[in-house]
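**Student:** structural data only, the sequence is not supplied:
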């Protein structure tokens, strides 16, 4: 009886660990966090983002993309995932040049076959 109880406990623990890792994998697929670098001052959904390094968070379920600098929210936008044929080698901010300013249209997510594209932006004609 003692051996049966020990084996049952081990089996229960294995199931618990497996379910946690499956849940964690699902969460990671729904939320993307990356460091992005803006080489120039860039408009993001009507907000001017100064050149520099930012943390980008994207929630695939809600379509909410946030740009943060040192924990402070600097800009938000609605976005969606577009699949690529090949993996991106690095994370790159995709922009278009509108006269005197740059406007962000998306982010090429390094190491994945995904682009996060802003919903209210035009086609990509250039990148940084």
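**Tutor:** Great, that's in hand. Source: prediction; values computed, not measured.

**Student:** could you give the number of residues near residue 38?
**Tutor:** 19 (other C-beta atoms under 10 Å). Quick note: C-beta positions are derived from backbone N, CA and C, even for glycine.

**Student:** ugh, typo on my part, it should be residue 53
**Tutor:** Counted with other C-beta under 10 Å, residues neighbouring residue 53 total 10.

**Student:** now for it: which residues touch it?
**Tutor:** 35-38, 69 (C-beta atoms under 8 Å, 6 or more residues apart in numbering).

**Student:** and the helices in the chain?
**Tutor:** 2-30 (DSSP state H).

**Student:** helices and strands of this structure: which one bottoms out on pLDDT?
**Tutor:** Within the chain, judged by mean pLDDT, DSSP states H and E, the helix or strand with the poorest mean is strand 126-127; its value is a mean of 40.

**Student:** rewinding a little: in strands, which of the contacts of residue 53 fall?
**Tutor:** 35-38, 69 (DSSP state E).

**Student:** who wins on neighbours among these?
**Tutor:** residue 36 (21 neighbours).

**Student:** list the contacts of it.
**Tutor:** Contacts of residue 36 by C-beta under 8 Å, 6+ apart are 53-56, 67, 91, 93, 107.
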